[in-house]
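Q: output the structure for:
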Amino acid sequence: MNKEILSHEVQDFLKSHFKESSREVALKKSPFANVSSSELANQLESLQKSEKKLPLWFHTPGIYFPPSLSIEQASSEETALYKATLISENTSLVDLTGGIGIDSYYFSKRAKKVLHCELNPDLSEIAKHNAEVLGAKNIEFHAGDGLKVLEEQSTETFQTIYLDPSRRVKTRKVFMLQDCEPNIIEIQKDLLEKAPIVIIKAAPLLDITLSLTKLLNTKEVHIISLKNECKEVLFILERDFTSEPIIKVVGLGKDFNFEFQFHQQEEKNAIADYSLPKNYLFDPDVALLKAGCFKLLSERYAIQKIHPNTHLYTSENNLKDFPGRRFKINETFEYKEFKKKKIDWSATIISRNFPLSVADLRKKHRVMESSTKYLFFCKGLDEKLYVVHADRLA
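A: Numbers count the residues shown, from 1 in each chain. Sure thing, here's the model as predicted:
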């Protein structure tokens, strides 16, 4: 950590060159004797990536930015804020894989004490510095193996253990819990012996049903989306819990937030209603699709699925509280009819349970882009292929 980067001159330089390419800055000679061009470029790139993902860090003077890869791998402020609501007030928490400290900082807002552990000493130093700048006084920092620290602690030193295992192992990307570092499946019993609650952050690609067969005492699964993009899957393990876990789907966004929770057995027992497209079309948030919540949406919202394997829904009425995107249907065509029409279409294309991809459809039908008009290519209840022309409502 080069503290010369925190000087007023360097900070002013970064602000005045904020719009420039970090690559171009790296190729130019540095105007500072003690800060290299590559260091300036790294700070600039991380600063740019933090503007929307970490606005508090971005707007706070004196923040030292880590390498851009660490910014990419870190939680966003929105998801970190949500995770902080999952712990009890005044709890003692250890973050075994602290990284640049985003999660630890927001946990510290609710917890009595947080121990931030990070193998990389540079990241640990950066996280400590930034926590001090942000005024977080109840975080202790340890540059080393969090698991070894945990071994040395007595049982019940911490009420909560949090870890985000590395999904980049020997330059290879992984996402299965047993392939990450540390191997969650191997150490989960030890973790639950040390603390009654363990929170695990997992990859959005992870198969939830399969993971539940490997994890012990899972009380809750949280699937978090941000602006209709699945960002995180969280497993909350509780030492003495033995019942069926609850699945909580959470949508975060500036204009519309939602929470939808269910047990997997409810989805198995649900009976969906089906129909060809009516007046309105509903496209569920990606986190709901990730959760495998298909029939239950039809049952709870009294809407119809277009086909058992087409995860689009329809209704005569506009459901403003539906957890996803809503559309007003203009026209519905059979695909064979659509192919005959001589119309210069402009639309966003969505392909669901349809034999052609979005790229193939756009090329084949010469459809220009549009942010408000949509063409849904899908299979209907009668097994025919359909095209739904619709306007986006929300």
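
Q: by contact count, what packs against the longest helix belonging to the chain?
A: Longest helix in the chain by number of residues (criterion: DSSP state H): helix 37-53. Using 3 or more Cβ pairs under 8 Å, 6 or more residues apart in numbering; DSSP states H and E as the contact test, the elements touching helix 37-53 are helix 8-16, helix 22-27, helix 55-59, helix 68-73. All C-beta spots, glycine's among them, are computed from the backbone N, C-alpha and C.

Q: next one: the last one to chain centre, how far?
A: Averaging C-alpha positions (Cα atoms, centre = their mean, to the nearest Å) puts helix 68-73 14 Å from its chain's average.

Q: tell me the buried residues in that helix?
A: Ser68, Ser70, Ile71 (16 or more other Cβ atoms under 10 Å).

Q: likewise the second one?
A: Of the residues in helix 22-27, those scored as buried under the neighbour-count criterion (16+ other Cβ under 10 Å) are Ser22, Val25, Ala26.

Q: state the distance from the last one to Phe13.
A: Ala26 sits 14 Å away from Phe13, taking Cβ to Cβ, to the nearest Å as the criterion.

Q: what's the answer for the second one, then?
A: Distance, Val25 to Phe13, by Cβ to Cβ: 9 Å.

Q: got any residues that touch both of those two?
A: Leu40 (Cβ atoms under 8 Å, 6 or more residues apart in numbering).

Q: in which helix or strand would I find His222?
A: Assigning secondary structure by DSSP states H and E places His222 in strand 218-226.

Q: let's see stretch 272-284 as PDB, backbone CA atoms only.
A: What follows is stretch 272-284, C-alpha atoms only, in PDB (Å, rounded to 0.1, in the frame of the first residue of the first chain):
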ATOM      1  CA  ALA A 272     -50.600 -23.900 -11.900                       C
ATOM      2  CA  ASP A 273     -53.300 -22.600 -14.200                       C
ATOM      3  CA  TYR A 274     -52.500 -22.300 -17.900                       C
ATOM      4  CA  SER A 275     -53.600 -20.100 -20.800                       C
ATOM      5  CA  LEU A 276     -52.600 -18.600 -24.100                       C
ATOM      6  CA  PRO A 277     -51.600 -14.900 -23.800                       C
ATOM      7  CA  LYS A 278     -54.400 -12.600 -22.600                       C
ATOM      8  CA  ASN A 279     -54.100  -8.800 -22.100                       C
ATOM      9  CA  TYR A 280     -50.900  -8.700 -20.000                       C
ATOM     10  CA  LEU A 281     -47.700 -10.600 -19.900                       C
ATOM     11  CA  PHE A 282     -45.500 -11.100 -16.800                       C
ATOM     12  CA  ASP A 283     -41.800 -12.000 -16.800                       C
ATOM     13  CA  PRO A 284     -40.600 -13.100 -13.400                       C
END
